[in-house]
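Visitor: sequence and computational prediction follow.
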Amino acid sequence: MPATVINAHAQNKAELANMAAQEIEAEAQDPETNEDNFLYHVRDKTYEIRLIYPLLFEEYPALHQIVNEKKKDLEGFARDSERDFHDLGMENFVRYQNDIEYFIMAKNDHLISIRKDVFIFTGGAHGMYGATSLLWDVKKDKEILSPLSLFKDDMAFLRSKYCKKLSNRKAEIAISYGDTVDAKDRDSYDNGFGCPSFADLTIIFESKQGGKFDSINIIAIPYSAGPYSDGQYEIKMDIDADVAAMIKPEYRDAFK
């Protein structure tokens, strides 16, 4: 089934006429908008909005409804963009942009792990971007609001491992900027932002084979663990025996 492009604004003849001034693109040449994805993309002089998600979501009506609701958010963003355009004047206006894209990172008979990437630009020096997670319980047909709820303790062990890996990543970036960091200091190196709590991070379960979860991607969006120039920190860790032992028994079948 080809990627679908719709314009939810077009409810009457006047709006249909206005569509002629908009660029609506299927972008079939892009890998991210292939025949396995749904695409909603509208661009005009004041805004560009895009929603992409796997067509597989349509097999789960409650999940499909959640992601499809994002179209309403994008339409509201478009209206705000048009208002700002008229308030600021064309000579001072740079087209606003809001992109939302979903990816299936792992899927098994119990859980689907989904990554949501967002980019938003409303003027200024640069846009803002980040990743969040959506964890779907196939058996109960509902969202699990926090990936942390799959664990049965306070996560202190996993957090200790994460903070060391984050410090090493920060040290690598500092060295790439020309700073000197001794090897013995890399496990504790910091750039002034510290190690965020898990509550302030995005936790996404992943699978090398696409099925049962075998790794965790822990993501710190810009400004949460470092300056914008450092980008988004993504720290991946295998789910070893120690981590697997922390999973609640009712979810253990979703993990390798």
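Guide: Okay, I see it.

Visitor: count the residues that sit near the nearest residue to F151 once chain neighbours are set aside.
Guide: In space, and not counting its chain neighbours, F151 is closest to M246: 4.9 Å by C-beta to C-beta, 6 or more residues apart in numbering. Quick note: C-beta positions are derived from backbone N, CA and C, even for glycine. Neighbourhood size, M246 [other C-beta atoms under 10 Å]: 15.

Visitor: pretty sure M246 is in contact with L158, am I right?
Guide: Yes. Between M246 and L158 there is a contact under C-beta atoms under 8 Å: 6.9 Å.

Visitor: is it true that P54 touches I104?
Guide: Yes. Between P54 and I104 there is a contact under C-beta under 8 Å: 5.5 Å.

Visitor: okay, the residue nearest to F151: pLDDT?
Guide: Listed pLDDT for M246 reads 93.

Visitor: could you do M155 as well?
Guide: Note on M155: pLDDT of 81.

Visitor: returning to what we had before: common neighbours of M246 and L158, please.
Guide: F151 (C-beta atoms under 8 Å, 6 or more residues apart in numbering).

Visitor: count the residues that sit near N37.
Guide: N37 has 22 nearby residues by other C-beta under 10 Å.

Visitor: phi and psi next, for it.
Guide: phi -120, psi 150 (degrees, to the nearest 10).

Visitor: residues contacting the residue nearest to F151?
Guide: M246 neighbours (C-beta under 8 Å, 6+ apart): F151, K152, D153, M155, F157, L158.

Visitor: distance of the fourth one from C195?
Guide: Yep, that's M155 we're talking about. 13 Å (C-beta to C-beta, to the nearest Å).

Visitor: of these two, who's got more company?
Guide: Neighbours were counted for M155 and for C195 using other C-beta under 10 Å; C195 has more, 19 against 16.

Visitor: just confirm that one is within a helix.
Guide: No. Per DSSP: H, G, I helix; E, B strand; the rest coil, C195 lies outside any helix segment and is coil.

Visitor: could you report the neighbour count for the nearest residue to it once chain neighbours are set aside?
Guide: Leaving aside its chain neighbours, C195 sits nearest to C163 (4.0 Å; criterion: C-beta to C-beta, 6+ apart). Residues near C163, counting by other C-beta under 10 Å, number 18.

Visitor: helices and strands around the helix or strand encompassing C163, which ones?
Guide: For C163, the element it lies in under DSSP states H and E is helix 156-176. In terms of contacts (3 or more C-beta pairs under 8 Å, 6 or more residues apart in numbering; DSSP states H and E), helix 156-176 is packed against strand 215-220, strand 233-238.

Visitor: show me the domain layout of this protein.
Guide: Using automatic domain parsing, the domains assigned to the chain come out as 13-145, 148-254.

Visitor: circling back: narrow the contacts of M246 to those that are buried.
Guide: Buried members of the contacts of M246, scored by 16 or more other C-beta atoms under 10 Å, are F151, M155, L158.
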